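# What shape does this take:
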Amino acid sequence: MNEQANASMHLLKIPATSANLGAGFDTAGLALELYNELFFCPAEALQIELAEPNPRIPLDSSNMIYAAAKRTADLAGRALPPFYMKQYNHIPMTSGMGSSAACIVGGILIADTLLNLWLSKKQMLDIATQIEGHPDNVAPAIYGGLCINQNNEGNITTLQIPVEGDIAVCIAYPSFALSTKQSRQALPTKVTMADAVHNLSCMSFLTAAFYTQNYALLPQALDDRLHQPYRKHLIPGYDEVASAAQTLGAYGTCLSGAGPSMLCFVKASELSSFAEAFSREIHKIPGDWIAIPSLINKHGATLEEAVQ
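Below is the predicted model:
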């Protein structure tokens, strides 16, 4: 990157996200303190580097981050200038932790910075939702915290709920992958009125738990009937992981996004000890499960000048 030596280098940090959160299917999303990092600056030609080689990530204009930046520039009626970018991908792909959303939000922010678009967060959300198809991951990646989202015929509304109090998460992450497409294909095209009403009531408990910091309500909030019962058979060890978390005192466990990762809500004050014990237990379950403890990200993606 010699030709970039005199260019102003920027650092983007985009958080991992967990969507659905039990009953909030395609509605709720939470930002985590696990990040993809992107270093970028103007350049004479597009140049993409990876901190660690990954044959699944293209290094040309088909790169998801570049594609999102190009889409943002096109929507603004501007030409996207070439840039240098180095990706540090700490969010596992096809894991249910919002790796695609992080790429999309990263691309939007790169275009916003290089073109001085000064996009609002709402404008970024609209663009990101157009690309992603749903707001439940991209919203918390932009805003941080817990986001409750509504997509009313393309009109996106997001309510950010600041996350306070003694709450954190521990992610159970297996060695096997599960694509969102495969996970969505397991879902029914229709559900019963009883199941729909049940999820509405549980979603009310989810928002109440975070607004009041009464996290003892989370077991009711995570009791989903719309997607998890149909997806769990795609995830070997699902019941065993949930049982281990409950035994160790977690508030509750749900799928993280489309899976295969699982999200356990725990007390932040007990996160370290829980993660240590949980790691030992899930390591016994087939699937090479590991525990990833995380606090809640409260501010979304950040941009700063990189120290060179």
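
# how long is stretch 253-271 end to end?
One end of stretch 253-271 sits 14 Å from the other (C-alpha to C-alpha, to the nearest Å).

# which parts of that stretch are buried?
Judged by neighbour count using 16 or more other C-beta atoms under 10 Å, the buried positions of stretch 253-271 are 253-268, 270-271. Backbone N, C-alpha and C define where each C-beta goes, glycine included.

# for stretch 185-195, same thing?
For stretch 185-195, burial by neighbour count (16+ other C-beta under 10 Å) applies to 186, 191.

# Same check on stretch 285-292?
Within stretch 285-292, the residues that qualify as buried are 285, 287, 289, 291-292, counting by 16+ other C-beta under 10 Å.

# List of residues touching it?
The contact list for stretch 285-292, computed with C-beta atoms under 8 Å, 6 or more residues apart in numbering, reads 34, 170-176, 236-237, 240-241, 244, 275, 278-279, 282-283.

# Which of those fall in strands?
Using DSSP state E, 34, 170-173 are the members of those that sit in strands.

# farthest-separated two in the residues you listed?
Across the ones in strands among the contacts of stretch 285-292, the longest distance by C-beta to C-beta is 13.7 Å; it joins Leu34 and Ala172.

# re earlier: can you list the buried residues of stretch 285-292 in a markdown table and add secondary structure?
What follows is the buried residues of stretch 285-292, written out as a markdown table (DSSP: H, G, I helix; E, B strand; the rest coil):
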| residue | secondary structure |
| --- | --- |
| Ile285 | coil |
| Gly287 | coil |
| Trp289 | coil |
| Ala291 | strand |
| Ile292 | strand |
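
# okay, who's weakest in those by pLDDT?
When these are compared by pLDDT, Gly287 scores lowest at 94.

# Pull the number of nearby residues for Ser175.
Ser175: 11 surrounding residues under other C-beta atoms under 10 Å.

# Tell me which helix or strand the closest residue in space to it that isn't next to it in sequence sits in.
Once flanking residues are discounted, Ser175 sits nearest to Asp288: 3.7 Å by C-beta to C-beta, 6 or more residues apart in numbering. Using DSSP states H and E, no element contains Asp288; it sits outside every helix and strand.

# ok, Asp288 to Leu234 distance?
To Leu234, Asp288 is 17 Å away according to C-beta to C-beta, to the nearest Å.

# all strands in the stretch 151-300 of the chain, in order from the N-terminus.
Ranges of strands in the stretch 151-300 of the chain, per DSSP state E, counting those that start in this stretch, are 155-161, 168-173, 252-255, 262-266, 290-294.

# Make TSV out of the ones you listed and add distance to Ser62.
Formatted as TSV, these follow (distance: least, C-beta to C-beta, whole Å):
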stretch	distance to Ser62
strand 155-161	26
strand 168-173	27
strand 252-255	29
strand 262-266	31
strand 290-294	29
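
# of those, which approaches Ser8 most closely?
Smallest distance to Ser8 across those (C-beta to C-beta): 30.2 Å, for strand 155-161.

# any idea which helix is longest in this protein?
For the chain, the helix with the greatest residue count under DSSP state H is helix 193-212.

# Just the buried residues of it, please?
198-199, 202-203, 205-207, 209-210.

# Closest one of the residues you listed to Glu305?
Nearest to Glu305 out of the buried residues of helix 193-212 is Phe210 (C-beta to C-beta; 33.5 Å).

# Kindly provide the distance from that closest one to Leu146.
The gap separating Phe210 from Leu146 is 5 Å, by C-beta to C-beta.

# Please enumerate the shared neighbours of these two.
The contact sets of Phe210 and Leu146 overlap at 161, 163 (C-beta under 8 Å, 6+ apart).

# residue contacts, Phe205?
By C-beta under 8 Å, 6+ apart, Phe205 lies in contact with 23, 217-218, 220-221.

# Widest-spaced pair of those residues?
Using C-beta to C-beta, the pair of these lying farthest apart is Ala23 and Leu217, separated by 11.7 Å.

# Look at these two and report which has more neighbours.
Neighbour comparison, Ala23 and Leu217: the larger count goes to Ala23, with 26 against 20 (by other C-beta under 10 Å).

# show me what contacts that one?
Contact analysis of Ala23 by C-beta under 8 Å, 6+ apart lists 198-199, 202-203, 205-206, 221-224, 226.

# any idea which of those residues is closest to Ser18?
When the contacts of Ala23 are compared for distance to Ser18 (C-beta to C-beta), Leu222 wins out at 11.8 Å.

# Excluding chain neighbours, what is closest to that closest one?
Leu222's closest residue in space is Gly22 (C-beta to C-beta, 6+ apart), at 3.3 Å.
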